[in-house]
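Q: this is a predicted model, with the sequence first.
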Amino acid sequence: MQNSSLDTQLDLLESQLNALSASLVEGRPDALQSGSAALQRLAVDLLQVTGGKGLAQFKQPRQRRRVQVLATGIANLRENLLRHMAYVDRALEIVVPATRDKATYAGSGAYGQPVRQSGAFSVLAA
């Protein structure tokens, strides 16, 4: 395996990760979607280039460090995406209160609703 092809793949992954992080900061959802798909494709390509052997394929410590930095960057990006999702959900609840969940166990049957009179004993009711 040539080191140049691994380095090229790592360069592509790093640039795509940086572009994806920038699109998250700028708030561009279309770029997030296309960038995520491209990052996934590049990760699959890297896996195919390494032959599925994982980190053991990278003989040079510099390449191993780059892969570890990429893994950390992807984990950080995922956490930031989750934070952004929670922020958007909370903002939506404030702006449109109807999107808020009413209850965890919303009553849809006889046991979850308040007691109603059936009408069978309406004569006896006051």
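A: Thanks, I have it. Numbering: from 1, shown residues only.
Q: biggest helix in the chain by residues?
A: helix 61-95 (DSSP state H).
Q: buried sites along that helix?
A: 63, 66-67, 70, 73-74, 77 (16 or more other C-beta atoms under 10 Å). In this view, the C-beta of every residue, glycine as well, is placed from N, C-alpha and C.
Q: what segments of this protein are strands?
A: Counting by DSSP state E, the chain has no strands to list.
Q: now the helices: where do they sit in it?
A: Counting by DSSP H, the helices of the chain are 3-26, 29-50, 61-95.
Q: turn these into a markdown table, including mean pLDDT.
A: Formatted as a markdown table, the helices of the chain follow (pLDDT from 0 to 100):
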| stretch | mean pLDDT |
| --- | --- |
| helix 3-26 | 91 |
| helix 29-50 | 91 |
| helix 61-95 | 91 |
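Q: isn't residue 51 up against residue 57?
A: Yes - under the criterion of C-beta atoms under 8 Å, residue 51 makes contact with residue 57 at 6.6 Å.
Q: comparing those two, which residue is more hemmed in?
A: residue 57 (17 against 9; other C-beta atoms under 10 Å).
Q: nearest spatial neighbour of the more buried one, skipping sequence neighbours?
A: residue 50 (4.0 Å; C-beta to C-beta, 6 or more residues apart in numbering).
Q: next one: residue 31
A: Closest to residue 31 by C-beta to C-beta, 6+ apart is residue 23, at 3.7 Å.
Q: any idea how far that neighbour is from residue 65?
A: Per C-beta to C-beta, to the nearest Å, residue 23 is found 26 Å from residue 65.
Q: residue 66: what's it in contact with?
A: By C-beta atoms under 8 Å, 6 or more residues apart in numbering, the residues touching residue 66 are 10, 14.
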